[in-house]
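*Asks:* for reference, the sequence and a predicted model appear below.
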Amino acid sequence: MMDSINIVPAPSAPVINPQTPNSATQTSLRVCWSLFSDDTVEYYELYYRPVLEDTPADGSCAPQVSKVKVKETHRTVTDLLPNAQYELWVTATNTTGISPASEKTLYVTVPSPPAIKQRECTSCPEAALIRWESGNTNPVDSYTVELREMGPGASESIAESVVAVPTCQCLIQLQTGRRYLICVRAVNIGGPSGRSEVIAVATTGTLFYLLEDTAHPCLSISEDGFTIFYEEEELPISAMALEDNNNAFTRCAAVLGDLIPVRGRHYWEVEVDDGTEFRIGVASEDTERNTYLGANNTSWCMRHILTPSRHKYEFLHNGWSPDLRITVNPVRIGVALDYERGALSFFNVALEQHLHTFQCHFQNYVQPCFGLDNPGALTVHNGIEAPKYAFI
């Protein structure tokens, strides 16, 4: 009789392990799998392809499948897309044949670095609000904000991190009178992205930009975001322009500033000239857009009016102003908002002269507001340290 022949069976299907944290880069994935048997295996073949949202249901334009031959039960695949999902499966082969394919498993490469929106970042002496764009088509799990203090006495090696930030903004508590370098990373199971571009944030004063989407159509804003212009030739206001932007002022030629939502002390200055009629102060974010600043109960403002005989100043809230006369026309006006004391004060900066204070408990956050009632311009100066007299 012939000796019996031992036939090696074909391998059973391998099992791809779930993706482990920090197992990827922007362009690579480390993939591991295993066999739940004592099968003899000569080699494995790992298959992978990107998962694209726009792939037709019939598979006519399905992404190309890549394949790599492997001796071990792990492999790092490279030359991949950032923040992309990949579908992976594996087969095992020996002299007898090829195993069934494993079940398909999804892995993801790490995200691309976020992009900080510097014109939407605001700060004050106690905190900074950092906003950014994800820059990724696939969702990320969270973000990490990294900050490092600058200047004498600050350690170059020590950085702080705010982790597990769920959205594309973060309010960070900081120390007064310091400078910080801040960047953001996006995080998914594959790991953290590279750092975003770094921005510098100072906590010497309150810094904000103008909210261009609130600007009346007759206003234009300078490239640096701090000067407002009302042109000599009045621009036609089309109904379409107003319909497209429900957040813009429609009656008063005004714009709001994007003040950080921190209930502390905030100070900024406004530069004007004698020939410009203006309104400056604060308003609730939801203040009515079809009224004038100071004419309702959600805005408080200083108004300058040109009359044939003199310069007239009003301090308006809900349409009422006390009877005050200012003898020296201010060309640079300081505005001090103190949430704790419930006070909004105005000053002639050149003379260090107090002009008026509104006493009000601001139940909601308010925003700086700026309006022009005739052709002209005004410039906002912020990010500056408040003078001592502003919060006496």
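*Replies:* In hand now; what should we look at? These numbers were taken from a predicted model, which means no experiment stands behind them. Numbers count the residues shown, from 1 in each chain.

*Asks:* which stretches of the chain have low pLDDT?
*Replies:* 1-6, 54-61, 152-158, 232-245 (pLDDT under 70).

*Asks:* in terms of helices and strands, where is the one residue sitting closest to the centre of it?
*Replies:* By C-alpha atoms, centre = their mean, the chain has its centre lying nearest to Arg131, at 1.6 Å. Taking DSSP states H and E as the definition, Arg131 sits inside strand 127-133.

*Asks:* for that strand, which strands pair with it and how are they oriented?
*Replies:* strand 115-116 (antiparallel), strand 122-124 (antiparallel), strand 169-173 (antiparallel) (DSSP bridges).

*Asks:* would you turn these into CSV with distance to Ile384 and mean neighbour count?
*Replies:* No exception for glycine: its C-beta is placed from N, CA and C like everyone else's. Compiled in CSV, these are given as follows (distance: least, C-beta to C-beta, whole Å; neighbours: other C-beta atoms under 10 Å):
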stretch, distance to Ile384, mean neighbour count
strand 115-116, 23, 18
strand 122-124, 12, 25
strand 169-173, 21, 15
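
*Asks:* nearest to Gly205, of these?
*Replies:* Proximity to Gly205 (C-beta to C-beta) singles out strand 122-124 among the strands paired with strand 127-133, at 7.5 Å.

*Asks:* off-centre distance for the closest one?
*Replies:* In terms of C-alpha atoms, centre = their mean, to the nearest Å, the centre of strand 122-124 is set 13 Å apart from its chain centre.

*Asks:* next one: stretch 188-198
*Replies:* The answer for stretch 188-198 is 16 Å, by C-alpha atoms, centre = their mean.

*Asks:* and Leu174, how many neighbours?
*Replies:* 21 (other C-beta atoms under 10 Å).

*Asks:* so it touches Thr203, yeah?
*Replies:* Yes: here Leu174 lies in contact with Thr203, judged by C-beta atoms under 8 Å, at a distance of 5.1 Å.

*Asks:* give the residues shared as contacts by those two.
*Replies:* Counting by C-beta atoms under 8 Å, 6 or more residues apart in numbering, the contacts common to Leu174 and Thr203 are 123, 126-128, 180.

*Asks:* which one of those residues is nearest Gly376?
*Replies:* Ser123 (29.0 Å).

*Asks:* hey, what's that closest one bridged with?
*Replies:* Under the criterion used (DSSP bridges), Ser123 bridges to Ala128, Leu207.

*Asks:* residues in contact with it?
*Replies:* 129, 174, 201-203, 206-207, 260, 383.

*Asks:* okay if I get those as CSV plus distance to Glu87?
*Replies:* Shown next, in CSV, are the contacts of Ser123 (distance: C-beta to C-beta, whole Å):
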residue, distance to Glu87
Leu129, 39
Leu174, 44
Val201, 42
Ala202, 47
Thr203, 48
Thr206, 50
Leu207, 46
Ile260, 44
Gly383, 49
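
*Asks:* in ChimeraX, how would I select just the buried ones from those?
*Replies:* Burial among the contacts of Ser123 is assessed by 16 or more other C-beta atoms under 10 Å; the matching ChimeraX selection reads:
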select :129,174,201,202,203,206,207,260,383
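
*Asks:* helix, strand, or coil at Gln64?
*Replies:* With DSSP: H, G, I helix; E, B strand; the rest coil as the basis, the three-state label of Gln64 is coil.

*Asks:* those helices in the chain, which residues are they?
*Replies:* 239-243 (DSSP state H).

*Asks:* ok so, going back, and which of the contacts of Ser123 is nearest Thr327?
*Replies:* Thr206 (29.4 Å).

*Asks:* so that closest one touches Leu259, yeah?
*Replies:* Yes: contact criterion C-beta under 8 Å: Thr206 and Leu259 qualify, at 7.1 Å.

*Asks:* now do the shared contacts for the two.
*Replies:* Common neighbours of Thr206 and Leu259 (C-beta under 8 Å, 6+ apart) are 122, 266.

*Asks:* what's the separation between the nearest residue to Gly151 once chain neighbours are set aside and Leu344?
*Replies:* Leaving aside its sequence neighbours, Gly151 sits nearest to Arg179 (C-beta to C-beta, 6 or more residues apart in numbering; 5.6 Å). Using C-beta to C-beta, to the nearest Å, Arg179 is found at 28 Å from Leu344.

*Asks:* okay, the two: which has more neighbours?
*Replies:* Leu344 (25 against 15).

*Asks:* partners of Gln169 in the sheet?
*Replies:* Arg131.

*Asks:* is it true that it touches Glu133?
*Replies:* No: using C-beta under 8 Å, Gln169 is not in contact with Glu133, being 10.5 Å away.

*Asks:* for Ile333, find the nearest of the strands paired with strand 127-133.
*Replies:* Per C-beta to C-beta, nearest to Ile333 of the strands paired with strand 127-133: strand 122-124, 19.5 Å.

*Asks:* residues in contact with stretch 300-310?
*Replies:* 272, 275-283, 293-294, 311-317, 321, 333, 344, 346, 355-356, 358, 360, 366, 369, 371, 373-374.
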